[in-house]
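Trainee: Sharing a model prediction with you, sequence too.
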Amino acid sequence: MENDIAKGKTAAVVTHLTLVGCLIAITMNLEPKNAFARFYIRQTFGLHITFHALVIFLNYTTIAFAWEVLFLLHLGLWLFSIVGVLKNKKNQIPLVGQYFQKWFTFIQ
(Lines give C-alpha, C1' and ligand atoms only; values in the text may rest on other atoms or scores of the structure.)
Protein backbone atom coordinates (compact mmCIF):
# COMPACT_ATOMS: atom_id res chain seq x y z
CA MET A 1 0.00 0.00 0.00
CA GLU A 2 2.75 2.48 0.96
CA ASN A 3 4.66 1.60 -2.21
CA ASP A 4 1.51 2.16 -4.30
CA ILE A 5 1.08 5.65 -2.82
CA ALA A 6 4.74 6.53 -3.39
CA LYS A 7 4.50 5.52 -7.06
CA GLY A 8 1.39 7.62 -7.66
CA LYS A 9 2.40 10.67 -5.65
CA THR A 10 4.14 12.47 -8.53
CA ALA A 11 1.07 12.27 -10.76
CA ALA A 12 -1.13 13.29 -7.82
CA VAL A 13 0.96 16.43 -7.27
CA VAL A 14 1.13 17.29 -10.99
CA THR A 15 -2.66 17.10 -11.30
CA HIS A 16 -2.99 19.92 -8.78
CA LEU A 17 -1.01 22.40 -10.89
CA THR A 18 -3.65 23.46 -13.45
CA LEU A 19 -6.21 21.93 -15.77
CA VAL A 20 -3.28 21.21 -18.10
CA GLY A 21 -1.58 19.48 -15.15
CA CYS A 22 -4.62 17.22 -14.90
CA LEU A 23 -4.24 16.22 -18.54
CA ILE A 24 -0.53 15.57 -18.05
CA ALA A 25 -1.27 13.47 -14.95
CA ILE A 26 -3.85 11.43 -16.88
CA THR A 27 -1.20 10.50 -19.44
CA MET A 28 1.34 9.82 -16.65
CA ASN A 29 -1.12 7.38 -15.10
CA LEU A 30 -1.88 5.44 -18.28
CA GLU A 31 0.75 2.77 -17.65
CA PRO A 32 1.11 1.55 -14.99
CA LYS A 33 -2.21 2.56 -13.48
CA ASN A 34 -2.13 3.77 -9.90
CA ALA A 35 -5.21 3.99 -7.64
CA PHE A 36 -3.81 6.83 -5.50
CA ALA A 37 -3.05 8.96 -8.56
CA ARG A 38 -6.40 8.11 -10.17
CA PHE A 39 -8.25 9.22 -7.02
CA TYR A 40 -6.57 12.64 -7.02
CA ILE A 41 -6.79 13.08 -10.78
CA ARG A 42 -10.57 12.65 -10.57
CA GLN A 43 -10.83 14.99 -7.57
CA THR A 44 -8.80 17.82 -9.05
CA PHE A 45 -10.20 17.40 -12.56
CA GLY A 46 -13.66 17.90 -11.09
CA LEU A 47 -12.47 20.81 -8.99
CA HIS A 48 -10.85 22.56 -11.97
CA ILE A 49 -13.79 21.92 -14.33
CA THR A 50 -16.29 23.19 -11.75
CA PHE A 51 -14.20 26.30 -11.11
CA HIS A 52 -13.91 27.10 -14.81
CA ALA A 53 -17.63 26.50 -15.42
CA LEU A 54 -18.52 28.86 -12.57
CA VAL A 55 -16.09 31.47 -13.91
CA ILE A 56 -17.84 31.32 -17.29
CA PHE A 57 -21.20 31.68 -15.54
CA LEU A 58 -19.97 34.63 -13.48
CA ASN A 59 -18.86 36.42 -16.65
CA TYR A 60 -22.54 36.90 -17.46
CA THR A 61 -23.67 38.06 -14.01
CA THR A 62 -23.15 41.14 -11.90
CA ILE A 63 -23.07 39.46 -8.50
CA ALA A 64 -20.92 41.56 -6.17
CA PHE A 65 -17.90 39.81 -4.62
CA ALA A 66 -18.72 36.53 -6.35
CA TRP A 67 -15.25 36.33 -7.89
CA GLU A 68 -13.54 36.68 -4.55
CA VAL A 69 -15.74 34.08 -2.89
CA LEU A 70 -15.29 31.65 -5.77
CA PHE A 71 -11.53 32.10 -5.81
CA LEU A 72 -11.21 31.64 -2.03
CA LEU A 73 -13.44 28.55 -2.12
CA HIS A 74 -11.41 27.05 -4.95
CA LEU A 75 -8.14 27.85 -3.19
CA GLY A 76 -9.36 26.33 0.08
CA LEU A 77 -10.52 23.10 -1.57
CA TRP A 78 -7.31 22.92 -3.59
CA LEU A 79 -5.24 23.29 -0.41
CA PHE A 80 -7.33 20.64 1.33
CA SER A 81 -6.64 18.27 -1.55
CA ILE A 82 -2.89 18.94 -1.91
CA VAL A 83 -2.38 18.51 1.84
CA GLY A 84 -3.96 15.06 1.49
CA VAL A 85 -1.46 14.17 -1.20
CA LEU A 86 1.46 15.37 0.85
CA LYS A 87 0.23 13.38 3.88
CA ASN A 88 -0.30 10.25 1.73
CA LYS A 89 -4.05 10.18 2.50
CA LYS A 90 -7.06 10.19 0.22
CA ASN A 91 -8.84 13.41 1.22
CA GLN A 92 -12.13 13.54 -0.64
CA ILE A 93 -13.28 17.08 -1.43
CA PRO A 94 -16.24 17.90 0.84
CA LEU A 95 -19.75 17.63 -0.65
CA VAL A 96 -18.74 16.98 -4.26
CA GLY A 97 -15.75 14.62 -4.07
CA GLN A 98 -17.89 11.50 -4.07
CA TYR A 99 -19.62 12.70 -7.24
CA PHE A 100 -16.31 13.44 -8.94
CA GLN A 101 -15.30 9.81 -8.34
CA LYS A 102 -18.55 8.62 -9.97
CA TRP A 103 -18.74 11.12 -12.83
CA PHE A 104 -15.17 10.85 -14.04
CA THR A 105 -14.87 7.08 -14.28
CA PHE A 106 -13.38 7.54 -17.77
CA ILE A 107 -10.19 8.55 -15.94
CA GLN A 108 -8.40 5.29 -15.38
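Mentor: Done, it's in. Numbering: from 1, shown residues only.
Trainee: Show the pLDDT at residue 55.
Mentor: On the pLDDT scale, residue 55 is placed at 85.
Trainee: heads up, I number from 811, so please use that
Mentor: Sure, I'll start counting at 811 from here, so that last one is residue 865.
Trainee: Work out for me the element it sits within.
Mentor: Assessed by DSSP states H and E, residue 865 sits inside helix 845-868.
Trainee: Just want the angle from the helix or strand containing residue 887 to helix 845-868.
Mentor: Element membership of residue 887 [criterion: DSSP H and E] is helix 876-896. On the basis of axes from the mean of the first three to the mean of the last three Cα atoms, to 10 degrees, helix 876-896 is oriented at 180 degrees to helix 845-868.
Trainee: Buried residues in helix 876-896, which are they?
Mentor: For helix 876-896, the neighbour count (16 or more other Cβ atoms under 10 Å) marks 880, 884, 887-888, 890-892, 894-895 as buried. Backbone N, C-alpha and C define where each C-beta goes, glycine included.
Trainee: And for stretch 820-836?
Mentor: 821-826, 831-832, 834-836.
Trainee: and the end-to-end length of that stretch?
Mentor: Its first and final residues considered, stretch 820-836 spans 12 Å by Cα to Cα, to the nearest Å.
Trainee: Need the contact partners of that stretch.
Mentor: The set of residues external to stretch 820-836 that reach it, using Cβ atoms under 8 Å, 6 or more residues apart in numbering, is 838-839, 844, 846-847, 849-851, 854-855, 858-859, 862, 888, 891-892, 895, 917.
Trainee: Just the buried ones from these?
Mentor: By 16+ other Cβ under 10 Å, the contacts of stretch 820-836 give 838-839, 844, 846-847, 849-851, 854-855, 858, 888, 891-892, 895, 917 as buried.
Trainee: From those residues, pick the one nearest residue 817.
Mentor: residue 844 (5.6 Å; Cβ to Cβ).
Trainee: Tell me how far that closest one lies from residue 913.
Mentor: The spacing between residue 844 and residue 913, counted by Cβ to Cβ, to the nearest Å, is 20 Å.
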